[in-house]
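> could you look at this predicted model? Sequence included:
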Amino acid sequence: MADEHDQDQDIERGPGVGVVEKTAPRTKRPSLYKVVLLNDDYTPQEFVVWLLQAIFKKDAEEAVRIMLHVHNNGVGICGVYTYEVAETKVAQVMELSRRNQHPLQCMMERE
Ligand code: TYC
């Protein structure tokens, strides 16, 4: 925004002379983190599907797809979030697994 001083300067310089004002952006995009689920031989498939719906807000079809991907590949992505959200989701998975006595493991990885 030109203030009165800038306008005075423009008048003194005449037409065709402008002042380029560019401020550096002050915000940085936050780093993102993948929340990944690890396969194991003991956690029931239905529990993993339920957890993907409850914590990661997946619909039933997507939850089954992710669970089977982890089951077949050993690891899979549940979602990508900012640090605090990813941290909370990992803690929720670990706590629910522990309370249900399943060995399910979940971790976060910087994107
Ligand atoms: N492999 C488990 C079973 O066959 C199912 C499972 C899927 C476990 C995904 C963990 O992250 C997991 N019961």
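Structure received.

> now do the strands in the protein.
32-38, 75-82, 105-110 (DSSP state E).

> for those strands, which one sits closest to Val48?
The closest of the strands of the chain to Val48 is strand 32-38. By C-beta to C-beta, the value is 7.1 Å. The C-beta positions use only the backbone N, C-alpha and C, and glycine is treated the same way.

> what's that closest one packed up against?
Here strand 32-38 touches helix 60-73, strand 75-82, helix 83-99, strand 105-110, going by 3 or more C-beta pairs under 8 Å, 6 or more residues apart in numbering; DSSP states H and E.

> buried deepest among these, which one?
Greatest average neighbour count among these goes to strand 75-82 (a mean of 17), per mean count of other C-beta atoms under 10 Å.

> just checking, what packs against that strand?
Of the remaining helices and strands, those touching strand 75-82 by 3+ C-beta pairs under 8 Å, 6+ apart are strand 32-38, helix 60-73, helix 83-99.

> try it again with 6 Å
If you count contacts as 3 or more C-beta pairs under 6 Å, 6 or more residues apart in numbering; DSSP states H and E, strand 75-82 packs onto strand 32-38, helix 60-73.

> do the last one and the ligand meet at all?
Yes: judged by C-beta under 6 Å from any ligand atom, helix 60-73 comes into contact with the ligand through Met67, Val70, His71.

> so where's this protein shaky on pLDDT?
Across the chain, the ranges flagged by pLDDT under 70 are 1-18.

> look up how far the ligand lies from the residue nearest in space to the middle of the chain.
Central residue of the chain (C-alpha atoms, centre = their mean): Tyr81, 1.3 Å from the mean position. Distance, Tyr81 to the ligand, by C-beta to the nearest ligand atom, to the nearest Å: 18 Å.

> fine by me, thanks again.
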